[in-house]
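Colleague: here is a sequence together with a model predicted from it:
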Amino acid sequence: MSAFQGVARAVAGIGIGAVAAVHTAWAAGSTWPAGSRAELAEAVVGNRNAMPDRRATAVVAGVAAIAAVTAAGAFGESRAVVRGRRLIGAALLGRAALGGDVALAALGLPAAGERFRELDCRWYRPLCATLGAAALFGARASRRGDRNAEPRATAS
């Protein structure tokens, strides 16, 4: 594995892992970094009255945790794992490109307010783009584990 690929996997794993950690805290009842559950809902789903329940948030945390360790390089270099890493990257880049309004609509949540749109443009979309690109750059199987790689030519 190249140093660049290793850094990409580390960035993706740590970043998505942080997302999992924050969702775990929210599922446990924390409102960090907001002062109340209503403020948190406004910031993360765009509507003070639409915060997903703790069980749904815990599911997101679990999926993000699995995505984090996968993007970081765990689970080996099989075709399925490499495809999984590519899917993680593509999903994050799609979220970055399409924006929060599309994501909210896909989840069946109400349209976002101004606060969410501001945070989405300033933080959420760039974060998704960065983590998605890192996941894609780190997705390729390393040469050692790439069963489909062409044999390297050696100098005679």
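Modeller: Great, that's in hand. In this text, all values refer to a predicted model and were calculated from it rather than measured experimentally. Numbers count the residues shown, from 1 in each chain.

Colleague: check residue 76 and give its pLDDT.
Modeller: Confidence at residue 76, expressed as pLDDT, is 89.

Colleague: nope, residue 136 is what I was after
Modeller: We have a pLDDT of 97 for residue 136.

Colleague: burial of residue 29, as a residue count?
Modeller: Look at residue 29: counted by other CB atoms under 10 Å, it has 9 neighbours. The way it works is simple: take the backbone N, C-alpha and C, and place the C-beta from them, glycine included.

Colleague: so who does residue 31 touch?
Modeller: Residues in contact with residue 31 (CB atoms under 8 Å, 6 or more residues apart in numbering) are 37, 39, 40.

Colleague: list the buried residues of stretch 9-27.
Modeller: Going by neighbour count (16 or more other CB atoms under 10 Å), the buried part of stretch 9-27 is 9, 11-13, 15-17, 19-20, 22-24, 26-27.

Colleague: now swap in stretch 56-68 and tell me
Modeller: Buried residues in stretch 56-68, defined by neighbour count with 16+ other CB under 10 Å: 57, 58, 60, 61, 64, 65, 66, 67, 68.

Colleague: which of the buried residues of stretch 9-27 lies closest to residue 77?
Modeller: residue 9 (11.6 Å; CB to CB).

Colleague: for the closest one, what are its contacts?
Modeller: Taking CB under 8 Å, 6+ apart, one finds 1, 71, 72, 73, 134, 138 in contact with residue 9.

Colleague: which SSE is the closest residue to the third one other than its chain neighbours in?
Modeller: Closest residue in space to residue 72, ignoring its immediate chain neighbours: residue 13 at 2.6 Å, by CB to CB, 6 or more residues apart in numbering. Secondary-structure element containing residue 13, defined by DSSP states H and E: helix 3-27.

Colleague: so who does residue 43 touch?
Modeller: So residue 43 contacts 34, 115, 116, 119 (CB under 8 Å, 6+ apart).

Colleague: now residue 135
Modeller: 8, 12, 16, 71, 85, 86, 88, 89, 92.
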